[in-house]
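> For reference, the sequence and a predicted model appear below.
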Amino acid sequence: MSPSPAPAPAPAPRGDRGGQPSPARGPRRARGGRVSGGAGRPGRVSRQIRRTLRRPTGPSKSEGAPKNTPDYYPEKPAQNVVRVVPLGGVEEVGRNMFSVETNGDIFVFDVGFQFTSEDTSPGVDYMLPNTKYLEKNQDRVRAVFITHGHLDHIGGVPFLMHRFGNPPIYTMQLSATMIAKRQEEYPDMPKPNLVVVEGGQTHTIGSTRVHFFPVTHSIPDSMGIKVETPYGNVIVTGDLKVEHVDNIPVPEEEQKWSAIGREKNLLFIADSTSAELEGFSVPEQKVRDTLENIIKTVKGRLIIGTFASQFDRMVNIIRLAEKYGKKIVMEGRSIKTNLEIAQKLGILTLDKGTLISAQEIGDYPPDKIVILATGAQGEEFAALMRIATKQHKNITFTERDTVVLSSSVIPGNEISVQKLKDNLLHNHVTLLHYRSADVHSGGHARAAELVWINQKVNAKFFMPAYGYYSMTASHAKAVEQAGRPRESIILSENGSVIDILDGEKLEIHKQKVPSAPLVVDGFSIGDMQEVVIRDRQMLAKDGMFVIIATVNLKTGKLRKSPDIISRGFVYLRESQDMLNQARLLIKKTVEDSTKGMNPVDLDYVKNALSDTMAGYLFARTNKAPMVIPVLIGV
Ligand SMILES: [Zn+2]
């Protein structure tokens, strides 16, 4: 952007500092410079406009504690304390992680991540739980338990484990394989130390006994964990639902949860993702029946858009396809990867010849073809969208095709799913929404199931986890209405420090440990750089306006008419009048503010210039582009 080497003070774009003048460089009225119009500190107007424009969205909650407050780290808990610290996942879906401490041993549950929204954090790839508390107490962290292989539970592993000493990860086979497979994409990160466990096993880790038990979820090898403390067990479910027939849990569920309930349980921490939905979840059998019916009866090709992480569903579709003598085509890398894992672990055995490549589709009658494709959420580069927009090498849709979107819309993806549907229908396909089987409510217990489990476990205290506040609060309300005393329910926030004293008394610390999310932004991982995010938001909303001017350092006059470059602001060619006035105003502002100045202070002039121009542009357009003056002194 700099046109040529500038002899003057380096033209630091103000935006890089979020519009804050550096404290060392205040206004310099005392030096005889004249402040035009007496408008106060240069930069004030533009800051004000930006503040006003920012207001509707407000500062994101994730921005964390105000600056200059030292981070809070509580003392090591006394012997009579069981401590729980949620680090992520109790105020959102995703970036699940919390720690439980007893006997001087800290155990960490899940290391997830969260996909981010373009509105709140443009350009950021993922948000991760904040691990500072664990870093500080690294010497007491004995193990990580991963409940299952979904990304909101394993996604943070490559980025975070080394930050707190890379402790061993206890998890079941499929999750371990998925973690190891994913780690291959991050060869520079230390290898995780995986310990494969099975449901029903008990391990002594540090000085604490830990028991693992299987739970029902939408991916095989999902487990819950029971940590024994001197005051009773801490039970963590991970994501789960209850297998049931007509709202009556099947005998295996009944036995499993009753057995847990016969012990002395201190604290129960459970999945809230679908707590806002009443009743019981749609039983998987019903989902299977619907699917079977579609696969059996469809005329022409069947294309099923799904998630690779809907493991059970994927395996089920393949089995049904085989049953009806159909061929399977896999489209999308993540589906292929997960299918390989499923085969390797014996979760799925395929008849020879079931899988065919996309090039072979033409060799079979259309009603013998089932295409499993990624992209049911409208992801731009996933297989489904590429086929729908005719960018796929081997597959094009015809009006004889039937497309099934086998997941509900994840909040935030509504617009991209809408685009996908429109694109699909432009191909005249038959489109089926397969509502009964959405990925989230499909895998997660609804209110009545949650109440059932809660009563079975019958712990002294209960903490709803895994979900936005509306979900954890609904979970809390459901169990309270079913008779659990309100005082026994812990509605926590990320970073809360929750102590249970002598197995009786609840004490929540006034201060929270650091919980602002870490972000993965391109190649860098670190704290959310608010200033960077704010600049990105501003650029996205109102664009930028760059002024390049050459100033004679002796006279303070402009050498020639200033250059103006703008992006994303207004179409300059159609705004010649405004542009001409802007040039005049730039000239006047520079010359006014340098009057009597000797030597000319370009930083001061720059501030005055951004201020005046921001005010002018706002008055003319009701937009507040980022104004970047580049002054070259000669
Ligand atoms: Zn899950």
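Okay, I see it. Numbers count the residues shown, from 1 in each chain.

> Just the closest residue of the stretch 1-150 of the chain to the ion, please.
Residue nearest to the ion within the stretch 1-150 of the chain: His150 (3.6 Å; CB to the ion). Quick note: C-beta positions are derived from backbone N, CA and C, even for glycine.

> quick one, what contacts the closest residue to that residue other than its chain neighbours?
Nearest residue to His150, sequence neighbours excluded (CB to CB, 6 or more residues apart in numbering): Ser309, at 5.4 Å. By CB atoms under 8 Å, 6 or more residues apart in numbering, Ser309 lies in contact with Gly149, His150, Leu151, Ser218, Ile219, Ser334, Asn338, Val439.

> what about His428, neighbour count?
12 (other CB atoms under 10 Å).

> Confirm for me that it is in contact with Thr396.
No - using CB atoms under 8 Å, His428 is not in contact with Thr396, being 11.7 Å away.

> how far away is Glu449 from the ion?
When CB to the ion, to the nearest Å is the yardstick, Glu449 and the ion sit 15 Å from each other.

> and that residue, backbone torsions?
Backbone torsions for Glu449, taken as degrees, to the nearest 10, come to phi -70, psi -40.

> ok, for it, nearest residue in space, not its chain neighbours?
Spatial nearest neighbour of Glu449, chain neighbours left out: Val242 (4.5 Å); criterion: CB to CB, 6+ apart.

> Please read off the pLDDT at the one you found from the model.
Here the pLDDT value assigned to Val242 is 94.

> Could you do Gly556 as well?
86.

> ok, now Pro86?
Among the per-residue scores, Pro86 holds a pLDDT of 97.

> Which single residue of the stretch 201-350 of the chain ends up nearest the ion?
Proximity of the stretch 201-350 of the chain to the ion (CB to the ion) peaks at Asp239, 3.5 Å away.

> Could you check how far that residue is from Trp257?
Distance from Asp239 to Trp257, counting by CB to CB, to the nearest Å: 16 Å.

> Just want to know which of those two has more residues nearby.
A direct count of neighbours by other CB under 10 Å for Asp239 and Trp257 places Asp239 higher, at 28 against 22.

> ok, whichever residue of the stretch 451-600 of the chain sits closest to the ion - how many residues close by?
Taking CB to the ion as the measure, the stretch 451-600 of the chain has Tyr466 as its residue closest to the ion, at 8.4 Å. As a burial measure, Tyr466 scores 32 neighbours (other CB under 10 Å).

> From what I see, it and Glu92 are in contact.
No - contact between Tyr466 and Glu92 fails when scored by CB under 8 Å: they sit 9.4 Å apart.

> burial of Asp601, as a residue count?
The number of residues packed near Asp601 is 20, by other CB under 10 Å.

> Just the pLDDT at Pro27, thanks.
Pro27 is given a pLDDT of 32.

> Show me the helices in the stretch 301-450 of the chain, by range?
Using DSSP state H, counting those that start in this stretch, the helices of the stretch 301-450 of the chain run over 311-323, 333-344, 383-388, 414-426, 439-443, 447-457.

> okay, those, which one's buried deepest?
helix 383-388 (a mean of 25; mean count of other CB atoms under 10 Å).

> by contact count, what packs against it?
Judged by 3 or more CB pairs under 8 Å, 6 or more residues apart in numbering; DSSP states H and E, helix 383-388 is in contact with strand 302-306, strand 327-331, strand 369-374, helix 414-426.

> Using JSON lines, please lay out those together with mean pLDDT and distance to the ion.
Shown next, in JSON lines, are the helices and strands packed on helix 383-388 (pLDDT from 0 to 100; distance: least, CB to the ion, whole Å):
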{"stretch": "strand 302-306", "mean pLDDT": "90", "distance to the ion": "15"}
{"stretch": "strand 327-331", "mean pLDDT": "94", "distance to the ion": "22"}
{"stretch": "strand 369-374", "mean pLDDT": "93", "distance to the ion": "18"}
{"stretch": "helix 414-426", "mean pLDDT": "89", "distance to the ion": "20"}
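
> which stretch among the ones you listed comes nearest Lys352?
strand 327-331 (11.8 Å; CB to CB).

> Show me the shaky parts of the protein.
Per-residue confidence for the chain (pLDDT under 70) gives these ranges: 1-68, 117-124, 408, 410-412, 434-441, 523-524, 528-531.

> Flag every residue of it that's near the ion.
Applying CB under 5 Å from the ion, we find that the chain lies next to the ion at His150, Asp239.

> quick one: contacts for the residue nearest the centre of the chain?
Ranked by distance to the mean C-alpha position of the chain (CA atoms, centre = their mean), the top residue is Gln114 at 2.2 Å. When contacts are counted by CB under 8 Å, 6+ apart, Gln114 is found next to Gly88, Glu92, Val93, Gly94, Arg95, Tyr126, Met127, Leu128, Asp152, Gly155, Pro517.

> Now the residue in the stretch 351-500 of the chain that the ion sits nearest to: closest residue in space that isn't a chain neighbour?
Distances between the stretch 351-500 of the chain and the ion by CB to the ion are smallest at Gly443, namely 5.5 Å. Counting by CB to CB, 6+ apart, Ser218 is the residue found nearest to Gly443 once chain neighbours are left out, at 3.3 Å.

> Could you check stretch 181-194 and say which residues are buried?
By neighbour count on 16 or more other CB atoms under 10 Å, the buried set for stretch 181-194 is Arg182, Gln183, Pro192, Leu194.

> I meant to write stretch 270-287 there.
By 16+ other CB under 10 Å, the buried positions in stretch 270-287 come out as 270-277, 280-284, 287.

> Surely Ala459 and Ala270 touch.
No - counting by CB under 8 Å, Ala459 stays clear of Ala270, with 9.7 Å between them.

> which residue packs closest to Lys606, ignoring adjacent ones?
Nearest residue to Lys606, sequence neighbours excluded (CB to CB, 6+ apart): Pro629, at 4.7 Å.

> Which other helices and strands does the stretch of helix or strand the one you found belongs to contact?
Using DSSP states H and E, Pro629 falls within strand 626-633. Judged by 3+ CB pairs under 8 Å, 6+ apart, the packing partners of strand 626-633 are helix 530-542, strand 544-551, helix 602-621.

> Tell me, how many residues neighbour the residue nearest to Glu449?
Neighbourhood size, Val242 [other CB under 10 Å]: 25.

> that's a strand at Thr555, yeah?
No - per DSSP: H, G, I helix; E, B strand; the rest coil, Thr555 lies outside any strand segment and is coil.

> Show me the helices in the stretch 51-200 of the chain, by range?
Secondary structure of the stretch 51-200 of the chain (DSSP H, counting those that start in this stretch): helices at 132-136, 151-154, 157-160, 173-183.

> mind listing what's buried in the longest one?
The neighbour-count criterion (16+ other CB under 10 Å) identifies Gln173, Leu174, Ser175, Ala176, Thr177, Met178, Ile179, Arg182, Gln183 as the buried residues of helix 173-183.

> I am assuming the residue nearest to Lys606 contacts Leu609, so please confirm or correct that.
Yes - counting by CB under 8 Å, Pro629 does reach Leu609; the two are 4.5 Å apart.

> got any residues that touch both of these two?
Shared contacts of Pro629 and Leu609, defined by CB under 8 Å, 6+ apart, comprise Ile547.

> For the helices and strands packed on strand 626-633, please prepare a markdown table with the additional fields mean neighbour count.
A markdown table is the format used below for these (neighbours: other CB atoms under 10 Å):
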| stretch | mean neighbour count |
| --- | --- |
| helix 530-542 | 18 |
| strand 544-551 | 21 |
| helix 602-621 | 22 |
